[in-house]
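A.B. asks: predicted model, plus sequence, below.
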Amino acid sequence: MRKMAEKDALLAELARCVLEMEDDAVVNVAKEYVEAGFDAYEGITEGLAKGMEKAGQLYEEEEYFVPELLICSDAMYNGLEILKPHLKRDDSSKGCGVLIGVVEGDTHDIGKNLVKIMMETAGFDVHDLGRDVPVSEFIAKAKEMGTGIVCMSTLMTTTMGNMKKVIDGLVAEGIRDQFKVMVGGGPLSTAFAEKIGADAYTSNAAEAAKRARELVATA
């Protein structure tokens, strides 16, 4: 019981450090968390990511602005540097390729980077196209891969339409049925995913990795 309370306290402190932009303090908390023998994956999903999600909410509520969000992400990445080497890799999805990127017109890649880490931990072979990725680049890389999962994200309503363009491009090239398409990001929803013909919508990085495994299992 005491061990669980200690873990919960450290997870809450990881989240707080990210939210309150304490990019130095988070390193010490992450080290303490690892040295206590707690699960690194949970430290990311229930600690660092929770803090970043709250920062994103404050941004949407206009309590935080871009400078604050960037410092929060710096704190998150500092914590990730400590936790990542301790992640236990799951090879159940080994050999399945994941193509991931932020669609054209959007440069917000914090969520995408978290999903990438979770996907790699789940054993996927991840191809990261980065941010502000043109539709043609998604299609070209998909043709090169031949099969797998395409993950797209955006935090802007003005660029959501580019996700549909990527899916239409896969259809035009005759390779849509060779890929599962996943989408995510603040303004998206399951209804939007269904409308554009995507296979899944996920709201966070941990859920994305879990859903990807399910899609591969049922392919």
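C.D. replies: Structure's in. What do you need?
A.B. asks: give me the below-cutoff pLDDT ranges for the chain.
C.D. replies: For the chain, applying pLDDT under 70 flags the ranges 91-95, 219.
A.B. asks: ranges for the strands of the chain?
C.D. replies: Under the criterion DSSP state E, the chain contains strands at 97-103, 125-133, 148-153, 179-184, 200-202.
A.B. asks: which residues are in contact with V102?
C.D. replies: 108-109, 112, 130-133, 152-154 (Cβ atoms under 8 Å, 6 or more residues apart in numbering). Where C-beta positions appear, they are placed from N, C-alpha and C, glycine not excepted.
A.B. asks: ok, now R176?
C.D. replies: 167, 170.
A.B. asks: again, only using 6 Å
C.D. replies: L170 (Cβ atoms under 6 Å, 6 or more residues apart in numbering).
A.B. asks: OK, contacts around the residue nearest in space to the middle of the chain?
C.D. replies: By Cα atoms, centre = their mean, the chain has its centre lying nearest to V115, at 2.2 Å. Residues near V115 by Cβ under 6 Å, 6+ apart: 205, 208.
A.B. asks: now do G186
C.D. replies: Counted by Cβ under 6 Å, 6+ apart, G186 has contacts L155.
A.B. asks: turn the strands of the chain into TSV, columns for distance to C17.
C.D. replies: Formatted as TSV, these follow (distance: least, Cβ to Cβ, whole Å):
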stretch	distance to C17
strand 97-103	25
strand 125-133	25
strand 148-153	24
strand 179-184	24
strand 200-202	25
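A.B. asks: quick one: closest of the ones you listed to D74.
C.D. replies: With Cβ to Cβ, the closest approach to D74 among the strands of the chain belongs to strand 125-133: 16.8 Å.
A.B. asks: deepest of the strands of the chain, which one?
C.D. replies: Most buried of the strands of the chain by mean neighbour count (mean count of other Cβ atoms under 10 Å) is strand 148-153; its value is a mean of 27.
A.B. asks: I'd like to know which elements that one is packed against.
C.D. replies: Under the contact criterion of 3 or more Cβ pairs under 6 Å, 6 or more residues apart in numbering; DSSP states H and E, strand 148-153 touches strand 97-103, strand 179-184.
A.B. asks: and if we set it to 10 Å?
C.D. replies: On a contact count with 3 or more Cβ pairs under 10 Å, 6 or more residues apart in numbering; DSSP states H and E, strand 148-153 meets strand 97-103, helix 110-121, strand 125-133, helix 135-145, helix 161-172, strand 179-184, strand 200-202, helix 205-217.
A.B. asks: for E42, which of those is the nearest?
C.D. replies: The closest approach between E42 and any of these, judged by Cβ to Cβ, belongs to helix 205-217 at 9.1 Å.
A.B. asks: show me what the closest one is packed up against.
C.D. replies: When contacts are defined as 3+ Cβ pairs under 10 Å, 6+ apart, helix 205-217 packs onto helix 40-43, helix 49-60, strand 97-103, helix 110-121, strand 148-153, strand 179-184, strand 200-202.
A.B. asks: try it again at 8 Å.
C.D. replies: Secondary-structure packing of helix 205-217 (3 or more Cβ pairs under 8 Å, 6 or more residues apart in numbering; DSSP states H and E): helix 110-121, strand 148-153, strand 179-184, strand 200-202.
A.B. asks: now do the buried residues in that helix.
C.D. replies: By 16 or more other Cβ atoms under 10 Å, the buried positions in helix 205-217 come out as 205-209, 211-213, 215-216.
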